[in-house]
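[1] pasting the sequence and the predicted model now:
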Amino acid sequence: MSASDIKNIAFDVAGKVIKSSGEFAKTAKLKLQVSTEEQRLNALYMEIGKKVKEIYDYGGSLGSVFDEKYREISIITNKINELKERVNTIKGVRDCPFCGASVPKESGYCPKCGKSTTTVDFSNQALFTPTEDVPPPIPEQSPIPETSTNGQEFVTCRSCGKQSPKGDKFCLSCGRWL
């Protein structure tokens, strides 16, 4: 085999590599576009599914096929809720019925939204519920963070004297703004 033959083979192989890498790049780009469009389609399916579920939640019906699917969704949703409740039991927390934040079981108020967690009754709300247009009350003095024996920082409520983890907005015991 001559040097000229080796040179021709090398150019031939290089040409094939360049061609295949160009094809690879083109197909990869097209596959990415397909994936993006599939994600958009799945998002639309999810949106439709949520609307259908809302219809059933409000007592509507869309026929026997959808009735069966709604029953399946209800069974799965109940199973998910049971599993979440088991996790909460292990962790010693419960979900706030208003904002969904994890709240220690013994706490009477949510540390994030300040509402009572002992009842879902709207008449038993915390003294202050934050909104965008109402600023929080300015405390007379800021609570001083303290450190417990296990190294976790907490603050002491000026109203009831109970301790709440540092960073909570509301007292876990009385619901007052910290």
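    Cool, got the structure.
[2] can you find the helix or strand of the chain with the lowest average pLDDT?
    The helix or strand of the chain with the lowest confidence, counting by mean pLDDT, DSSP states H and E, is strand 146-147 at a mean of 67.
[3] just checking, what packs against the following helix or strand past that one?
    Of the helices and strands lying after strand 146-147 in sequence (DSSP states H and E), the nearest is strand 153-156. Packing partners of strand 153-156 (3 or more CB pairs under 8 Å, 6 or more residues apart in numbering; DSSP states H and E): strand 146-147, strand 163-165. In short, each C-beta sits where N, CA and C put it, glycine included.
[4] what lines up beside strand 153-156 in the sheet?
    Strand pairing for strand 153-156, using DSSP bridges, gives strand 146-147 (antiparallel), strand 163-165 (antiparallel).
[5] which parts of it are buried?
    154, 155, 156 (16 or more other CB atoms under 10 Å).
[6] from those residues, pick the one nearest residue 13.
    Among the buried residues of strand 153-156, residue 154 lies closest to residue 13 (CB to CB), at 69.8 Å.
[7] check the gap between the closest one and residue 11 for me.
    74 Å (CB to CB, to the nearest Å).
[8] tell me what the helix ranked longest in the chain is packed against?
    Counting by DSSP state H, the longest helix found in the chain is helix 3-57. For helix 3-57, the elements it packs on are helix 64-91, judged by 3+ CB pairs under 8 Å, 6+ apart.
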